[in-house]
Every structure is written in C-alpha cells, then in structure tokens.
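A.B. asks: Here is the input, now give the coordinates:
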Amino acid sequence: VQLQASGGGSVQPGGSLRLSCTASGFTLDYVAISWHRQAPGKEREGVSCISSSDGSTNYAEFAKGRFTISRDNARNTVYLQMNSLKPEDTAVYYCATHALSVCVPPYIYWGQGTQVTVSS
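C.D. replies: As a prediction, the model looks like this:
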C-alpha cells in the first residue's frame, strides 16, 4: 500500500491549491482517505476525511468553508481543494488511510507529504 500526496506549492494569502492523493498497489474506491497536516514546531492535525462507505466527509473547524475533499475513483485519486488560503495553513500535508471504509483513526498507511506555503 503506497500513497502519494502532490500538488503543494507556494501561494499568496487568499490563493488556492488542489492537493492530490494517489495510490499504488490498491484502489481507493473502497477505503477512507484522510488528509492531515503538520506545521513546523506543531503536532500533526487532521484536516479532512472522506469515507468510501457512503461518501461522507468531515472537516476540521479551520477547514470548513474553505477546503473541499472529493474523490475521483476513475483516476484513483482523492483531492483536497483549498481556497482562501491563509499563512497559518502553511504546513506539510499528508494523506493517509487504514484500508477501511470509514473515517475512524488511527490511520496506518501514510504517503509522503507535500509542502504548502502561504506567504506574501
């Protein structure tokens, strides 16, 4: 099971990025995928998760209204669309799964992260 996060970059405050989480060795259709982030000097925190059982989603408070998680099973990819980015969103973003269909931690398979930097 391998996950890979991509799509990070540097943007100005108010900008947008779309992160992608792709998988090799298995299909994402049947598993929940969770996004997390870790800023320098801070603990890793959950951002959003999408289940495969019913497609339900959840978001951290800071992500509500700005971030949208979605999946494209045909492309075996889960996306995290991030809008209205703020400097405090700067972090390394990771996708993860535990190969179950619901968004219940702990997640045991982690991709390498992708850096998101929000700065003017």
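A.B. asks: check which helix or strand covers residue 3.
C.D. replies: strand 2-6 (DSSP states H and E).
A.B. asks: ok now do residue 6, which residues does it touch?
C.D. replies: The neighbours of residue 6, taking Cβ atoms under 8 Å, 6 or more residues apart in numbering as the test, are 19-20, 22, 114. (Glycine included, C-beta is placed from N, CA and C.)
A.B. asks: for those, which one is nearest residue 74?
C.D. replies: residue 22 (12.3 Å; Cβ to Cβ).
A.B. asks: beta partners of that closest one?
C.D. replies: Taking DSSP bridges as the rule, residue 22 bridges to residue 4, residue 77.
A.B. asks: was I right about it contacting residue 79?
C.D. replies: No - counting by Cβ atoms under 8 Å, residue 22 stays clear of residue 79, with 10.1 Å between them.
A.B. asks: Compare the two (neighbour count), which wins?
C.D. replies: residue 79 (20 against 16; other Cβ atoms under 10 Å).
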